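A.B. asks: Could you look at this predicted model? Sequence included:
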Amino acid sequence: MKQRSYLALEDITVEFPTRGGTFCALDTINLSIDKGQFVALIGHSGCGKSTLLNAVAGLVKPTRGVIFLDGDVVDAPGPDRAVVFQDHSLLPWLTVEENVRLAVDKTSAGKSKGERKDWVMHNLDLVQMGHAAAKRPGELSGGMKQRVGIARAIAMNPRVLLMDEPFGALDALTRAALQDVVMELQARLNNTVLMITHDVDEAVLLADRVVMMTNGPAARIGEDRAVNIARPRNRLEAIDTADYADARHAVIHFLHERYRNPASLAA
Ligand SMILES: Nc1ncnc2c1ncn2[C@@H]1O[C@H](COP(=O)(O)OP(=O)(O)O)[C@@H](O)[C@H]1O
Ligand SMILES: [Mg+2]
């Protein structure tokens, strides 16, 4: 029997019906991710990154192909695949603590009220938001809201953490602070992560592998490059390594070539 990776996308094709006919977004994507691996998915706007992530989340049904997670077929959304979106999607009428609590309640049957509260606070502390537990989303900055979104996702103890441009709406410095939070979490928890970004530095800094997608329609995986910077990572050390520079160079070249000449992708 073929040995499957922890997360395996096998021959995933996604087509959408449109008024003008069928639109093929993803064409026969194969992607294998090991347990504990952090994969960044990068590609030009509209290439199909969110479609791919949503297929793993169970929000988009592939036209063909199968997705396996730890041996189980993925065919619907589930708490084992927590998603962090660009828009934090917190409920504005609940406090920070209650927002996280809502997710924890879904995934902690058998735990007492006190245990759940402790778990919520533990996860808020991991993203340095314990101090804001009683605040409502409207009282928080964009970066703080994304921290809570991350706390909510990891509090569910997901098998895979999915992030769709989680820092896309933040200014550069806040974004860097959030990347540092993600690096710290990765050092502590070693989650399996699939993260979409269009930021080359973010991809190289955070990921063990950068998967580069070709432009759509019928997007495919163009290149798949390992980033061999030792973990745990620290921004200032990472950016001075040879592999940081090499990986960055490779990704920028890929994106630039593909942008100028999408036809060069055929093959
Ligand atoms: N529900 C849908 N119906 C029709 N076309 C869609 C749908 N969702 C996405 N698409 C199209 O699929 C392509 C990929 O979209 P998306 O995955 O959102 O790209 P990205 O996240 O890389 O910017 C785009 O051309 C988009 O217009
Ligand atoms: Mg998208």
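C.D. replies: Sure, I can see it. Ligands and ions are numbered 1, 2, ... in the order given.
A.B. asks: all helices for this protein, in order.
C.D. replies: 49-57, 96-107, 113-126, 142-155, 172-189, 200-206, 235-238, 242-260 (DSSP state H).
A.B. asks: Could you give the number of residues near Phe85?
C.D. replies: 17 (other Cβ atoms under 10 Å). C-beta here means a position set from N, CA and C on the backbone, and glycine is covered the same way.
A.B. asks: looking at the helices of the chain, which one has the lowest mean pLDDT?
C.D. replies: For these, the weakest mean pLDDT is recorded on helix 242-260, namely a mean of 90.
A.B. asks: And the helices of the chain: which comes nearest ligand 1?
C.D. replies: Counting by Cβ to the nearest ligand atom, ligand 1 lies closest to helix 49-57 out of those; the figure is 3.2 Å.
A.B. asks: contacts for that closest one?
C.D. replies: 7, 9, 12, 14, 25-26, 29, 31, 41-43, 60-62, 67, 69, 74, 77, 81, 83, 160, 162, 164, 194, 196, 213 (Cβ atoms under 8 Å, 6 or more residues apart in numbering).
A.B. asks: overlap between these and the residues near ligand 1?
C.D. replies: Near ligand 1, judged by Cβ under 6 Å from any ligand atom, the entries from the contacts of helix 49-57 are Ala25, Gly43.
A.B. asks: which of the contacts of helix 49-57 count as buried?
C.D. replies: For the contacts of helix 49-57, a neighbour count by 16 or more other Cβ atoms under 10 Å gives the buried set as 7, 9, 12, 14, 25-26, 29, 31, 41-43, 60, 62, 67, 69, 74, 81, 83, 160, 162, 164, 194, 196, 213.
A.B. asks: where does stretch 230-238 sit relative to the chain's centre, distance-wise?
C.D. replies: 20 Å (Cα atoms, centre = their mean, to the nearest Å).
A.B. asks: what's the neighbour count on the residue nearest to Glu15 when sequence neighbours are not counted?
C.D. replies: Nearest residue to Glu15, sequence neighbours excluded (Cβ to Cβ, 6 or more residues apart in numbering): Thr63, at 4.4 Å. The number of residues packed near Thr63 is 15, by other Cβ under 10 Å.
A.B. asks: Hmm, Val14 and Thr63 touching each other?
C.D. replies: Yes. If you go by Cβ atoms under 8 Å, Thr63 and Val14 touch, sitting 5.7 Å apart.
A.B. asks: Nothing else from me, thank you.
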